[in-house]
Structure formats: C-alpha cells, structure tokens
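In: Test case, fold it:
(chains A and B)
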Amino acid sequence: MTETTASNSGRAEVWITGIGLATSLGEGLDANWDALNQRRINVDEKGFAPYVVHPWAPVNLDSQIPRKGDQRQMEAWQRIGTYAAGLALESAGVKGNKEILGRMDMIVAAGGGERDISVDVGILTAQAKGNSAPGFLNERLMNDLRPTLFLAQLSNLLAGNIAIVHGVTGTSRTFMGEELAGVDAARIALARIAGGQSDIALIGGSQNGERKDLLVLYEFAGFNLKDRFAPVWTRGKSAGFALGSAGAFLVIESKAHAQARGAKPYARLTRVVADLARRDNPGEVTASLQKLWSKLGPLESKGVIITGATGAEPVTAEERAFLGEHKDFAVRATGTMFGHTMETQFPLGLGLAALSISRGALFPPNDPSGLEVEKSGPPAQIVVIGAGHWRGEGMALVEAIQ
Amino acid sequence: MTATRDKFGRPVVVVTGMGVVTSLGAGKTDNWAKLTAGESGIRTITRFPTVGLKTTMAGTVDFIPIEPFSSTDLSERLADLAAGEAVAQANIGTRGDFPGPLFLAVAPVEIEWPQRQEMGRAVGTSEFNYDDLLRACGGGKFTRYHRRFLFGSVADHLAGTFGTKDSPISLSTACASGATAIQLGVEAIRRGETDAALCVGTEGSVNPESLVRFSLLSALSTHNDPPQSASKPFSKNRDGFVIAEGAAALVLESYEAATARGAEIIGVVAGCGELTDSFHRTRSSPDGKPIIGCVRKALADAGMTSEQIDYINAHGTATPENDKMEYLGISTVFGERAKQVPVSSNKSMVGHTISAAGAVEAVFSLLTLEHQRIPPTINYDVPDPAIPFDVVPNTARDARVTAVMSNSFGFGGQNASLVLTREPI
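Out: Down below sits the predicted model:
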C-alpha cells in the first residue's frame, strides 16, 4: 500500500486552490452547490433506454475553449475535460498566467476511445450480409474513419488539448485504469508536491456518459443500471451504475507557493492512499478500505465521508459493511447525484469535499434508505473514498485550514 | 553527501534488472546480438489481410502466438516476458513478491475488431443498429471482455503475477510512455517511498485499425518492399515510422538498497526531463523550444552538462518532422558537438514500439553502456544534409560510453528525456 502525506516534518503542506466542475448538474461551483442543496438530479432514462445515464449540462464552450478549430478537434469527453480544466485554472487565479502554467505539472486520469459508432455498425452489418472479402475491413476503415478521430480517441490527448488550449506545459502525464486512475493522479501529484518535486499541479479527469460504445464495455458484465434511476444505496437487486458525464479538475499546490502568490485555499489535501485488493474472496474490499482508513492519520469523530460508491455489486455491499463500522460519519454518495464518472469520480469527490469545507457546510443527503444522515455545522475533515467497480480502492483526507 | 546520494542529496537510482522483447527476438542476449549486427525485425504483415492498406509491413512479434488475437492480450504477454526477465536478473524479492510498485506504459485499451465482430454475430440478424449490438453484449456471454478491455487490465494482471506493491499505475504519454514509466519509478525512489520499482513499457498494437489510424495521419512509411529497408531515420528519403511491437522492463532500486543486498548494478538513471509542447496535437513547435527545454531539464536533473554525454539514443522515428526537430533540439543544446557525438536510432531496426519505445530504448542504452558498443542506424544510404548527425551509419561501433541520453517525443506534445550512466556521477 502506498501512502503519501503532507503532514510529516520537512514535507510540504499541500493546498487545494482551484476547483473546476462541469457536470450533469451544471458548470461551476455555485451551480453544482445549489443543485446539491436542492437535491436535484439530472438523469436520462429514455435516450439510451433501457440504460440510465446522466447527461452533461450544456455550457457555452467558447468561454473556455475559444477556438472553434480546437472544439472540432475534440470529441465530447475531451471538450468536457478541457472545459472543466479551464474552470479549475480560473478558480485558482492562474488562468493565462504563462509563468505559472509553463511550469505547472499535470496528471490527467483518462479513459478514451470514443468511437464513431455509425462506422462500426456499418461495417458489422455489411459483414453480416456476407461482405467477408479479405481487405473489406481495411478498405472501410481507410474510407470511413475521420483522420482526426484518432486524436480524439487517444487517452493522452485530453492532456494534450489542455496544454494547447490553456497552456499547461510543465509536465503532462496521463493515467489510465478506471476509478483508480483518478485516485493515483491525486496520490502522485500530492506526493510530488509534498516531496518537493513539484510546486503546483493540475489534476482531474472527464467522462462523457452519453456513449453507447462505453455502455458496451460495462454491459459485457452487466454493470449498467437499467430501466429506472434509483439512488446508489437503494439499488438492491438492480445493482449497477448509471454512467455520468462530468469534468472535474483541481489545482493543488504547496502552501508556500500558494501564499507567495496570494492564493486563497479551499482546503488542504492531507493524504491520498490507494491499494489493489485481489478481490478473490468476499470481504477483501472491506478489509482493504479498513487498511486505507488506518493510514489516513488522526480522524475526528462524527466526521464526513464523500464516497464514489458505484452501486455495482459486490463492491458496494462490501463498502457498506465498512461504512457500518463508522456509523458516526455522515456519508454522501456522489454516484446518486452525478452517476458514475469512472476515472473522474475520485477527483469529483475531492472537489466536492474541498467545496463543502470552503462553504462551511455539507450538502444534504439524497438517500431514502437512511444510510445518509443530516449533518450540521462546518466540516473540518472529509474523507473521500473511491472503490472501483471491479478493481482498486482509494481514499483521501481533505481538511479545513484553520 | 554519501555515495548513495546524488549531488542534490537524493537517493541514487540504479538499474539491477532488465528484460526486452522486440521483433528481433526475446531477451537481451538475442536482441543485443541482432541489434549490433544491424539486423532488421521489420517484416511483411501476415497476421491479417493487408489488402487496401498503404502500409503492409511492421515490426510484429509473431513468435508469440495469441489466438484469437487482441493487441491487449499480446501487450500483456510481452510485458510478462520482459518483466520476468528483468526480475530474474535483479534476483529481487521472492517469486510473485516484488518489493515495490509497478509503473506500466501501455497503449490505451479498447475493444478490438475480432471481438466487435463476435458481438455483431451475436445479434443474429443481418440488419441491426447499435442498440441491438448493445443488447447482444449483455447476458453474461461476454463477461470476459469486460475484464480484458478495462484500461487497467494489463497492470492488474502484472501486479498479480509479480506481486508488486501498492496501486499499479497504467500510464500513457503516447510515444514517450516508456520513458515516463521509468521517470515515475525514479521519482518514487527519490522520494524515499520505496527502495525498488518495476517499470515496464509494452506495445502489441499491430492490428488493422492501428495501421489505418496512423496511415490517415500520414505518419507511416509506405516503403513496403523490402520491409527491412523501410525504417530510415535521419535519411533524406525517410518517409515515416514503422509501427512495431515489443516490451521492456527495468528493475529500479536505490543504490543503497541494491548494494546492501549485493545486487549487480547494471547502470544508473541519473536524470529525467519532461516538457510539454502546446503547439499542435501532432507537430512540434517550429522553434524546437519544448524539445530543447526537455533535454536541458534532463541534463539539469542529472546535474550534468551536454559535454558529458557521449552517445544519444535518438527518438529517431524516421518521420520527416521528428528527425528534423530532433536535430534542431539537439544541435541547439549541444552546439558544434551535435555533429560529433554519436546519435543512433534503434527504430531503424526494431521499428517504433510506441508505448514501449522509451523503455525498450532505455534497455538498449544501458546495454550500450555495458558493452561499450553503439548500435547503428541502419538503412542510412542517403544522408539528409539538413541533419548532419554522426548517426553511426549501418555498422555498430565500439566506443567509450559513460553517459547516454535517450529521447522520446510523442503526439499530444509529450517530450521526455533520460540520462543513463554506467556509474553514479
């Protein structure tokens, strides 16, 4: 298990100084905060029926991606991410600051592979009608694929687009691997800043949930929520997740760097820990989460947990067993409000934790099962949890700066 | 300062195990013999029909059968082989219990055509839309494809096989991925988080759609006949890169931990540099500044000057653009020495192993240091007067080599450079 900390002596304290959210609930911190407080959920049960997805709330793309040529070069997941990254830089007060952006490190958690499904289905139906000549596939791909589509599919081209559009050019790394990629993006960026290898970093991810080719991957193993939306904790026999659409990015930096430029923090990113249980036997996820919890450092009682619990089984039941041992903590499942945004769910959780701390309140529960309870007063600590639907467990501690 | 720390007070990071598989063969011994003999691993593609493709050759690894084929399955097998060789050489930990994290450079994973066609057949009619296809995927008959085509699936497998610690990291920085995997390992050891790291780069992407994608961007050589002559880095008649498969793995350790357990030290990762180009999605900034900055960052990170580099293992893809920009970058940093310091491209022989290239070429750079022999740039018959490098043309050369720079540049503005030495500097 890896642990990184900002609180050891001689290690830099790391602040969250920028949050960029562009989700199914809207763009920006106020829109998302208001929607959470109104318990509003943006879900589409019909457009992809029987599959349930959370559509991205439309934005004026021009405000963060001013050149139409850049917008055209991207597919939706890249536009969502590039847009949210711009919001994060703006929120941190570094947008357009060439000196800082030129040495800003970037770790993006990405999927990719957004396909042209009309090309795919055209080839498959032609083959079903007997077009099986050698070279048929080659010919159709050569003729039908848009040359620039490849660049819209490549995982590292979200980071590439952020560099081009926003000028973030210190370093650029793209982590893949579903939910855990989002945890590791935060974990490695924190470790580098805490260890003096970096001063400031942009981290995050994006997903477009309105994608049939993405539904295919999860339909293989029956993970998609079907027919009717239900909050994460009430899915019971209809286990699964509704794909969400969101971009979530954070700017994190050393306290010294933030203070030197007069930046105001939302919260402190104290720790990020991650592990990969083999999940061969029941109980391994519960045990893995317990182990990660013990690595977070001192936790006050009656705290807050923001979890990216997916609603998929058996992992969600195992996480419930873990949460059952921390009943004094108020829990919020982002999967209910935002759907499951895969690589983006953990950065989204970190963003909501920092936002809640900065607003001096936790948003209300949205859970008829009663697992989520009301919580009054300003949260001083929030634990963010991300247990992958198939693999990977992560946890972070976000704290108020006194 | 002690010998186990570099001049910046950081733990010195050494290499104690290496493994490599390319189109030339499996293992360091075979690869090195063929590489220094100037042999090409590029061949005409036989894995699938190439009718209608502009490029019909590649550096395929055909000696490892994967049936039914998927690039992800081949990537996994290649990574297994390379990591197995590296861990065995390092003789570290116990079988299935590697004492450190995994950093894996791997191509973005996606469902491939053989599987997509299987889905199409599962619909059972000849007229269908994507919704029918989506429905046909369910019901549990394709559960194995969920496991296979998750982005984290190769790392998950390797972590299980080798028993690496922590959360394994799968990463992509395009053609620089292999170098980035090494860089992440170096950083983790320098932070003192771990004494060891397993850094792997793997690529198994010779399939029809990969070829088409790169063809549509006019990135691939079309000199199909003879295939061995297609990859012509730094030549005037170069016309693109040759897509290739392979994997490489390095066991990195802190010098202190390696010497404490009596491990044989193969070489040192003295410095890493990285700088992003924001000019264009596939092209370098015409002023070369990001490449120049990347190379300078690597030298600064190693605490060295360009005078101390006596061999450059070039990115050298043989695309008209890359080789020109690499010369601009190197000549700006190295000045007049750019014409004297040997610069060769392994890709002339093994092709461009994309996600694996940075790791494959790091292994070859370390073998260069070990054997004091520089592999050539083959197919160098028509020099490009605009690139007056000493490319070690066509024949390997014995030389005194104490420090190597290995460069990797990729789509999306990814630039990474490594400085590798025989001994701690």
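In: what domains does the record give for chain B?
Out: Split into domains by automatic domain parsing, chain B comes to B:13-110+B:149-421, B:114-147.
In: Of the ones you listed, which stretch is the most buried?
Out: Across the domains of chain B, averaging neighbours per residue (mean count of other CB atoms under 10 Å in any protein chain shown) puts domain B:13-110+B:149-421 on top, at a mean of 23. Backbone N, C-alpha and C define where each C-beta goes, glycine included.
In: in the stretch 251-400 of chain B, which spans are helices?
Out: B:255-260, B:289-302, B:320-334, B:347-350, B:357-371 (DSSP state H, counting those that start in this stretch).
In: Any regions of chain B where pLDDT drops low?
Out: Applying pLDDT under 70 to chain B flags the ranges B:1-2.
In: related to what we said a few turns ago, any idea which of the helices of the stretch 251-400 of chain B gets closest to chain A?
Out: Closest to chain A of the helices of the stretch 251-400 of chain B, according to CB to the nearest CB: helix B:289-302, at 7.3 Å.
In: rewinding a little: just put the helices of the stretch 251-400 of chain B in a markdown table and tack on distance to chain A.
Out: Output for the helices of the stretch 251-400 of chain B, formatted as a markdown table (distance: least, CB to the nearest CB, whole Å):
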| stretch | distance to chain A |
| --- | --- |
| helix B:255-260 | 17 |
| helix B:289-302 | 7 |
| helix B:320-334 | 15 |
| helix B:347-350 | 20 |
| helix B:357-371 | 13 |
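In: Contact partners for the residue most central in space within chain A?
Out: In chain A, the residue lying closest to the centroid (CA atoms, centre = their mean) is A:Thr344, at 1.5 Å. Applying CB atoms under 8 Å, 6 or more residues apart in numbering or on different chains, we find A:Thr344 in contact with A:Ala109, A:Gly182, A:Gly204, A:Gly205, A:Ser206, A:Gln207, A:Gly244, A:Ala246, A:Gly247, A:Ala248.
In: Considering only these, which also neighbour chain B?
Out: By CB under 8 Å from any CB of the partner chain, no member of the contacts of A:Thr344 lies near chain B.
In: with those residues in mind, which one is nearest to A:Ile123?
Out: A:Gln207 (25.8 Å; CB to CB).
In: Run a quick neighbour tally on that closest one.
Out: 32 (other CB atoms under 10 Å in any protein chain shown).
In: any idea how far the helix or strand harbouring A:Ala163 is from the chain center?
Out: A:Ala163 belongs to helix A:157-166 when assigned by DSSP states H and E. From the chain centre to the centre of helix A:157-166 is a distance of 17 Å (CA atoms, centre = their mean, to the nearest Å).
In: One more: stretch B:335-348?
Out: Taking mean C-alpha positions (CA atoms, centre = their mean), stretch B:335-348 and its chain are 19 Å apart.
In: Now do the same contact list for the residue positioned nearest the centre of chain B.
Out: With distances taken as CA atoms, centre = their mean, B:Ala357 lies nearest the centre of chain B, 1.6 Å away. Shown in contact with B:Ala357 (CB under 8 Å, 6+ apart): B:Cys175, B:Ser177, B:Gly178, B:Gly201, B:Glu203, B:His315, B:Lys347, B:Ser408.
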